[in-house]
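# Would you be able to build a 3D model of this:
(2 chains)
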Amino acid sequence: MPTIALVNGHAFAGGFMLAMYHDYRVFNPSRGFLCLNELDLGVPLKPAMSSIFRQKLSPQVYKVMVLEAKRFSAKEALEGGIVDILGGMEECLALVRDRKLNEKAKTGVYGALKAEMFRETLEYVTPEGYEREETRFNKALELDDQRRDEGKRKVVEWERNASKAKL
Amino acid sequence: MASQALFTLPILISPTSDKAAGTLVCTSPATGVYVLTFTSPPDNRLLTPFCQALLLALDILEFNHPHGVVITTSGIQKFFSNGLDLEHASSTKGFFPNSLFALFKRLLTYVKSMFHVPIIISSSC
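Numbers count the residues shown, from 1 in each chain, chains lettered A, B, ... in the order given. Take a look at the predicted model:
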């Protein structure tokens, strides 16, 4: 059945992700910001934490959200397509009525349709997918250590050659 | 919205505690509309018990009530949710696969049931 996050105040980082995993978002027009602030916290986003934004938003909005840790006001969130409408419970219930959202679960296929729409993200939130991605991340860290060692060695060598050339 | 609670779940202080740090209240302001209001002061951190309470509420709605639409919101004015507690997330075994991502998965596929998926053999699509 459809899920709606009625975001009444700030939704930061994981709180924003929680809202994003719903089918619809209704955001308070006068209070709160939406912000993915992992850049400022210095924390990487796990695959399931980034892909949900990538799959539901435009590349432009996704970029400023992740790479600038932009705090989106209500107006900006609406313009960016991050939220469906602005309002409180009243507007939220009107959205349900206008789009007949309480009838969408009738045929029983709603969840299966969503699973296919967001299959990439779905692969990251299963226990198996989580383990697989953690292994991949740790392997990437190891490879990056190797790259750094190799890179440093090359730079040292370059410096040595450069000073020799001067003589 | 003066509608009576369908059910109330505690949001425990910790996974091993039996004391509540907050509540998750389910109301139904209209037919087939379920509102889950979480209140876990000060800022609705996504701790294990918070995720587990929401998961249980989604199960209760799936199995005990006619299907409709689910609205989640916060009982704390300033915050919907301020996200993870990084210390809790890294020190709690299975936090991501069993709590946070389990909740994300549930929302992303709500409600997916193999039994409810009709098999379309040769209709118009």
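# Now do the strands in chain A.
For chain A, applying DSSP state E gives strands covering A:3-7, A:10-12, A:24-27, A:34-35, A:71-72, A:85-86.
# which residue is nearest the middle of chain B?
Taking Cα atoms, centre = their mean, the centroid of chain B lies closest to B:L54, which sits 2.2 Å from it.
# And the pLDDT for the closest residue to that residue other than its chain neighbours?
Of all residues not flanking B:L54 in the chain, B:L103 sits nearest, at 5.7 Å (Cβ to Cβ, 6 or more residues apart in numbering or on different chains). Glycine gets a C-beta too; all of them are placed from N, C-alpha and C. On pLDDT, B:L103 comes in at 98.
# now for whichever helix or strand B:L103 is part of, which elements pack on it?
If you go by DSSP states H and E, B:L103 is part of helix B:101-108. Contact partners of helix B:101-108 among helices and strands, from 3 or more Cβ pairs under 8 Å, 6 or more residues apart in numbering or on different chains; DSSP states H and E: helix A:14-20, helix A:47-56, helix A:119-125, helix A:127-166, helix B:48-64.
# Could I get these in JSON lines, plus columns for mean pLDDT?
Formatted as JSON lines, these follow (pLDDT from 0 to 100):
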{"stretch": "helix A:14-20", "mean pLDDT": "98"}
{"stretch": "helix A:47-56", "mean pLDDT": "98"}
{"stretch": "helix A:119-125", "mean pLDDT": "98"}
{"stretch": "helix A:127-166", "mean pLDDT": "95"}
{"stretch": "helix B:48-64", "mean pLDDT": "97"}
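# closest to B:F79 out of these?
helix A:14-20 (7.2 Å; Cβ to Cβ).
# near chain B at all, that closest one?
Yes: contact between helix A:14-20 and chain B, assessed by Cβ under 8 Å from any Cβ of the partner chain, occurs at A:14-19.
# related to what we said a few turns ago, please convert the strands of chain A to CSV, extending it with mean pLDDT.
CSV is the format used below for the strands of chain A (pLDDT from 0 to 100):
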stretch, mean pLDDT
strand A:3-7, 98
strand A:10-12, 98
strand A:24-27, 98
strand A:34-35, 98
strand A:71-72, 98
strand A:85-86, 98
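# before we move on, back to that, quick one: closest of the helices and strands packed on helix B:101-108 to A:M65.
Closest of the helices and strands packed on helix B:101-108 to A:M65 is helix A:47-56, at 6.2 Å (criterion: Cβ to Cβ).
# Going by neighbour count, which residues in the closest one are buried?
A:47-53, A:55-56 (16 or more other Cβ atoms under 10 Å in any protein chain shown).
# That helix to helix A:127-166, inter-axis angle?
Angle, helix A:47-56 to helix A:127-166, by axes from the mean of the first three to the mean of the last three Cα atoms, to 10 degrees: 90 degrees.
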